[in-house]
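[1] attaching a predicted model along with its sequence, questions to come.
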Amino acid sequence: MLNYAILNLLVLGLLAGLVFWRPVTWPIKQLAIIILVLLVLTAIFDTLIIANNIVAYDIDKIMGVYIGRAPIEDFAYAIAATVLVPYIWIRSTRNDK
């Protein structure tokens with residue numbers, strides 16, 4: 001069962017729906033750099049916390065694809081945060097909400 005993958009698809013799908021429903025002008029270059037940095041940091045720190053047995057994953061609930069020791073599903077959270085935080089910031093600071 002791919003429980004984490006299904007959860008990620010639901011959350012990212014809802015986020016995509018929100019962004020397309022209420023679009024904003026994105027600073028694409030900056031957003032791409034931030035996503036890249038957060039994905040690298042996620043790979044490093046998730047590998048460290050998994051290697052030190054701080055976090056463990058049920059093998060039956062993940063796809064089995066890893067970057068370092070981090071399951072690929074973990075990277076959806078970094079992407080979601082990278083999109084959602086600037087989206088909320090831009091929407092909340094615009095005059096023509």
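    Happy to help now that I have it.
[2] what sits up against the helix ranked longest in the chain?
    Longest helix of the chain, by residue count under DSSP state H: helix 28-51. With CB atoms under 8 Å, 6 or more residues apart in numbering as the test, helix 28-51 has contacts from 55-57, 67-70, 74-75, 77-79, 81-83, 86. Just so you know, the C-beta spots here come from the backbone N, C-alpha and C atoms, and that holds for glycine as well.
[3] correct me if wrong: residue 80 contacts residue 12.
    Yes: checked against CB atoms under 8 Å, the pair residue 80 and residue 12 is within contact range at 6.1 Å.
[4] so, low pLDDT: which residues of the protein?
    1-2, 94-97 (pLDDT under 70).
[5] show me where it has its helices.
    Secondary structure of the chain (DSSP H): helices located at 3-21, 28-51, 75-93.
[6] buried ones in the first one?
    Right, helix 3-21. Judged by neighbour count using 16 or more other CB atoms under 10 Å, the buried positions of helix 3-21 are 4, 5, 8, 15.
[7] can you pick the most crowded of the contacts of helix 28-51?
    Highest neighbour count within these, by other CB atoms under 10 Å: residue 74, with 24 neighbours.
[8] near the residue lying closest to that residue once chain neighbours are set aside, how many other residues are there?
    Leaving aside its chain neighbours, residue 74 sits nearest to residue 46 (5.3 Å; criterion: CB to CB, 6 or more residues apart in numbering). Counted with other CB under 10 Å, the neighbours of residue 46 add up to 22.
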